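>>> Test case, fold it:
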Amino acid sequence: MIGCLARKTANQTITKSTVTVLSWSSTTYDDGDCWKAEQPTRLTVPAGEGGLYILQWTTTILPTSLSGEKEIWFRLNGNENLRLATQDYVGPADMQTLTAIARLEAGDYVECCAYLETTENGQFADDEYEVGDDLQRVKFERIR
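This is a model prediction of the structure:
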């Protein structure tokens, strides 16, 4: 299997009305060297490993008291949007999962982006927001 499960170990600010790209902190597994600390926002298809990939991002954006709208999406190679989800804040613990299947070529990279149309800044929660929660992770795996 080629792929990785990337995680976030510290909160990251999302400035309102600004596109924010999530920086990953580490991986639980990384078969194929898809994530690198030098480019922490990117999940990259290794050389010779193009194909069909599943992307699954679970995210929680804090504080849960924000009102307004949030958008999250996968971005391909820094400019092409692959999949978008929009949600009004309903809090508390506003967890959201975004899934996409995409045909990717060797060297392509995917990033996780957010945009808040809210009255204040927010944060990507780390994966330890509450004990046992898994609030910030992305699975990036070749399925074919």
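>>> rest of the way, CA atoms for contacts and neighbours
Fine.
>>> Next up, phi/psi of residue 79, please.
Phi and psi for residue 79, reported as degrees, to the nearest 10, are phi -150, psi -20.
>>> what about the strands in the protein?
3-7, 12-14, 20-21, 26-31, 35-36, 39-44, 51-62, 68-76, 80-88, 95-104, 109-118, 122-124, 137-142 (DSSP state E).
>>> List the residues that contact the residue most central in space within the chain.
Residue closest to the mean C-alpha point of the chain, counted by Cα atoms, centre = their mean, is residue 112 at 3.6 Å. Neighbouring residues of residue 112 by Cα atoms under 8 Å, 6 or more residues apart in numbering: 21-22, 41, 57, 72-75.
>>> of the residues you listed, the lowest pLDDT goes to which?
Lowest pLDDT of the contacts of residue 112: residue 72, 87.
>>> and the residue lying closest to that one once chain neighbours are set aside, how many residues sit next to it?
In space, residue 72 comes closest to residue 114 once its chain neighbours are excluded; the distance is 4.4 Å by Cα to Cα, 6 or more residues apart in numbering. By the measure other Cα atoms under 10 Å, the count of residues near residue 114 is 23.
>>> heads up, I number from 57, so please use that
Right, with 57 as the first residue, what we last looked at is residue 170.
>>> isn't residue 170 right up against residue 72?
No. Using Cα atoms under 8 Å as the test, residue 170 is too far from residue 72 to be in contact (9.6 Å).
>>> per-residue confidence at the residue nearest to the centre of the chain?
Looking at residue 168, its pLDDT stands at 95.
>>> Enumerate the beta-bridge partners assigned to it.
Going by DSSP bridges, residue 168 is paired in beta bridges with residue 130.
>>> Of the contacts of residue 168, which pair is most distant in space?
Across those, the longest distance by Cα to Cα is 14.3 Å; it joins 97 and 128.
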